[in-house]
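Colleague: quick one, structure for this:
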Amino acid sequence: VYRDNRRSMRLTVVVFAVLLPCLLTNIVQPATLENIQKAKQSKKNILFMLCDDGGFEFDFYPENGKGSETPNLSALAKKGTIFDNAFTAVSSCSPSRSSILSGLPTHQNGMFGLHNMDVTFNSHEHVYTLPTILDDHGYYTGIIGKYHVGPDYKQSARLRTPLYRLYNFSFGLQAGDMPNGGCCSNSRSCPLPYNTLARNITHMKECATQFLHNANKLDKPFMLYIGWGDAHRCHQTNEGKSGPLGYFCTDYGNGVGKNGTIPDWKPKYYNPKDIIVPWHQPDTPAARMEISKQWTAINRMDQGIGLVLKELEKSGHMDDTLIMYFADNGIPFPGAKTQHYDPGIREPLVVYNPLKPTNGLRNQALISSLDFLPTILDWAGIPLPTHFLDGKRFTYEGKSILPILDKTDSAEFDHVWCSHSFHPVYGYFPMRVLRKRDFKLILNIAGGGLQLPILNDVWTSATWQDMAKRYAQGGQPETKWFRDFHAYQFERPKWELFDLRKNASDGGRELINLADDPQYQTLFKQMQAELKAFQARTEDPWIKKYIHE
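Modeller: Alright, predicted model coming up:
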């Protein structure tokens, strides 16, 4: 009986060891003491700045001329590398942030839609993220400003193993992180108003000062993640009118009446007549008015960036900190945010490596936000974790961009993937995208029947409401928009194939769908196969639609 029991026990142990990857959603390779010591000794830090709903409102992106005045970000760009073809993995807030922090497409990490709406979407509990990986390797991690991922700190703090910490930064999420009992990011454990946390550049500066002080006191390398909330819209009515703090909250902190004062902000306002309207927006008085407010918001963010960079310099870490600036999705205007045409997914990207300045070098490689996790870990000297999902080992889709910061292009970076499912739960319109240098394939999984849901930010905008009235009164020509207003909402086909070259029949503006063009069938089928293979290896739940069809 004893032998039988031992044999049975040995068999149980063996079976459990074999099946363990299948029993857990995700298994990761733990950090070794050697890797932890290397990370601590390297003293390589990271400052990652993410603009909410930002676009190309800068003088260093010449397509927009002068743009909003952003001297601080422009100065950083002149020292680093400017990427002309950087793309978000999904044009929606929470999903985009989850993809940046996990290195995984949204359909793989579980953040299918927004974290804070009627139905709260969360990443799978076993996803291994940047703050967790860095924390396990001896880093001090902090967040300031917009958070908007989940499970957030209050939801997941009870789960203390490395596999469950997800988006828990060491600093910023809890009341009491600041000496006055305050906090720095809008988690459920931080009671401060959102505008204070993500638009008050003085409060954000003070948070940065405290974080850097803590990192120096702890003698740890650090990653500071800042979510600027300025460029997000602000409480509009259904008629396209602004709320009490103005479009884009540009009246917040201006010192007038009950708006409060942001001590470090010197408001800069723009005349709508002087605005440079992006090529993909209607040139109407309503659009010009809103874009002028957006420029004011971007200028406020830039002043905040200047404050944070000064604090970084005071702390003695300007020369050992990798600095990255990016935007999470397209601007909150028609055809951009939540859409996966280029105006919705192409984003500004500036990367400054203090050990190898590149003096404003422009790079044409196709970069994905899925490349950021591998890049940051490469900088920190930390190997990519080994992941198993549902018992299958997978590799990250992204690659480190550190080796190409001093180059003008790279053949290795010749395509990006995008995956969108929801914005809020009632904004369901799943898309999967393969974007190459000259061609793009969009799979509208619910296309050919489902009406496109217009997100609230855009629906309530003065630009959209004005365009809708113009269409009702005079048809398409009156909208002043290059897209067909009706077809945009009601006639999305299942497949869209575009020739992106400037000499294409539509000037590369993604207007002429070539999916049914006989001359493009070989390319169409090839890109379809590539997209389906991407869905398969990333465990896309929506791939089952192929089976049903």
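
Colleague: what residue ranges in this protein score low on pLDDT?
Modeller: For the chain, the stretches with pLDDT under 70 are 1-32, 35, 39, 64-65, 117-118, 153-164, 389-390.

Colleague: in contact with the spatially most central residue of it, which residues?
Modeller: Centroid check for the chain by Cα atoms, centre = their mean gives Asp328 as the closest residue, at 2.9 Å. Asp328 is in contact with Leu50, Cys51, Asp52, Asp53, Gly54, Thr88, Cys93, Ser96, Arg97, Ile100, Glu347, counting by Cβ atoms under 8 Å, 6 or more residues apart in numbering. Quick note: C-beta positions are derived from backbone N, CA and C, even for glycine.

Colleague: could you work out the most separated pair of those?
Modeller: Using Cβ to Cβ, the pair of these lying farthest apart is Asp53 and Ile100, separated by 14.8 Å.

Colleague: re earlier: and the residue lying closest to the residue nearest to the centre of the chain once chain neighbours are set aside, how far from Ser123?
Modeller: Nearest residue to Asp328, sequence neighbours excluded (Cβ to Cβ, 6 or more residues apart in numbering): Ser96, at 4.1 Å. The gap separating Ser96 from Ser123 is 13 Å, by Cβ to Cβ, to the nearest Å.

Colleague: kindly report the same for Gln41.
Modeller: Distance of Gln41 to Ser123, given as Cβ to Cβ: 31 Å.

Colleague: between these two, which is the more surrounded one?
Modeller: More crowded of Gln41 and Ser123, by other Cβ atoms under 10 Å: Ser123, with 27 against 11.

Colleague: hmm, the more buried one is touching Gly113, no?
Modeller: No - judged on Cβ atoms under 8 Å, Ser123 makes no contact with Gly113 at a distance of 11.5 Å.

Colleague: Leu373 reaches Ile100, doesn't it?
Modeller: Yes - Leu373 is within contact range of Ile100, at 7.4 Å (criterion: Cβ under 8 Å).

Colleague: the more surrounded of the two?
Modeller: Shown here are Leu373 and Ile100; by other Cβ under 10 Å, Ile100 has more neighbours (28 against 24).

Colleague: what about His486, how many neighbours?
Modeller: 12.

Colleague: which ones are touching it?
Modeller: His486 neighbours (Cβ under 8 Å, 6+ apart): Tyr471, Gln476.

Colleague: list the residues that contact both of Leu373 and Ile100?
Modeller: Joint contacts of Leu373 and Ile100 (Cβ under 8 Å, 6+ apart) are Leu130.

Colleague: now do the host helix or strand of Gln473: everything it contacts.
Modeller: Using DSSP states H and E, Gln473 sits in helix 462-474. With contact meaning Cβ under 8 Å, 6+ apart, helix 462-474 is reached by 236, 239-241, 247, 281-282, 284-287, 289-290, 333-334, 454, 458-459, 478-481, 485-486.

Colleague: buried ones in it?
Modeller: For helix 462-474, a neighbour-count test (16 or more other Cβ atoms under 10 Å) marks Ala462, Thr463, Trp464, Gln465, Asp466, Met467, Ala468, Arg470, Tyr471 as buried.

Colleague: same deal with stretch 346-366?
Modeller: So, applying 16+ other Cβ under 10 Å, buried residues of stretch 346-366: 346-354, 358, 360, 363, 365-366.

Colleague: in strands only, show me those.
Modeller: Among the buried residues of stretch 346-366, the members found in strands (DSSP state E) are Arg346, Glu347, Pro348, Leu349, Val350, Val351, Tyr352, Asn363.

Colleague: pull the most distant pair out of these.
Modeller: Farthest apart among those by Cβ to Cβ are Arg346 and Tyr352. That separation is 20.5 Å.

Colleague: distance of His126 from His387?
Modeller: Taking Cβ to Cβ, one finds His126 at 9 Å from His387.

Colleague: now the helices for the stretch 1-150 of the chain?
Modeller: For the stretch 1-150 of the chain, the helices defined by DSSP state H, counting those that start in this stretch cover 2-23, 33-42, 71-79, 93-102, 106-109, 130-136.

Colleague: grab the longest helix from the chain for me.
Modeller: When the chain is parsed with DSSP state H, its longest helix is helix 285-314.

Colleague: name the residues of the helix or strand just after it that are buried.
Modeller: Next along the chain after helix 285-314, taking DSSP H and E as the criterion, comes strand 321-327. Neighbour counts over strand 321-327 (16+ other Cβ under 10 Å) mark Thr321, Leu322, Ile323, Met324, Tyr325, Phe326, Ala327 as buried.

Colleague: what sits against the fifth one?
Modeller: Contact criterion Cβ under 8 Å, 6+ apart gives Met49, Leu50, Cys51, Leu73, Leu76, Ile305, Pro348, Leu349, Val350, Val351 as the residues in contact with Tyr325.

Colleague: which ones are touching the fifth one?
Modeller: I take that to be Leu76. For Leu76, the contact set (Cβ under 8 Å, 6+ apart) comprises Ile305, Leu309, Ile323, Tyr325, Val350, Tyr352.

Colleague: what does the last one give?
Modeller: In this structure, Val351 makes contact with Gly80, Thr81, Phe83, Leu322, Ile323, Met324, Tyr325, Thr375, Ile401, Leu405, judged by Cβ under 8 Å, 6+ apart.

Colleague: closest to Phe439 among those residues?
Modeller: The closest of these, once distances to Phe439 are taken by Cβ to Cβ, is Phe83, at 20.0 Å.

Colleague: OK, contacts around the closest residue to the closest one other than its chain neighbours?
Modeller: The shortest distance from Phe83 to any non-neighbouring residue, by Cβ to Cβ, 6+ apart, is to Leu349 (4.0 Å). By Cβ under 8 Å, 6+ apart, Leu349 lies in contact with Ile82, Phe83, Ala86, Met324, Tyr325, Phe326, Ile367.
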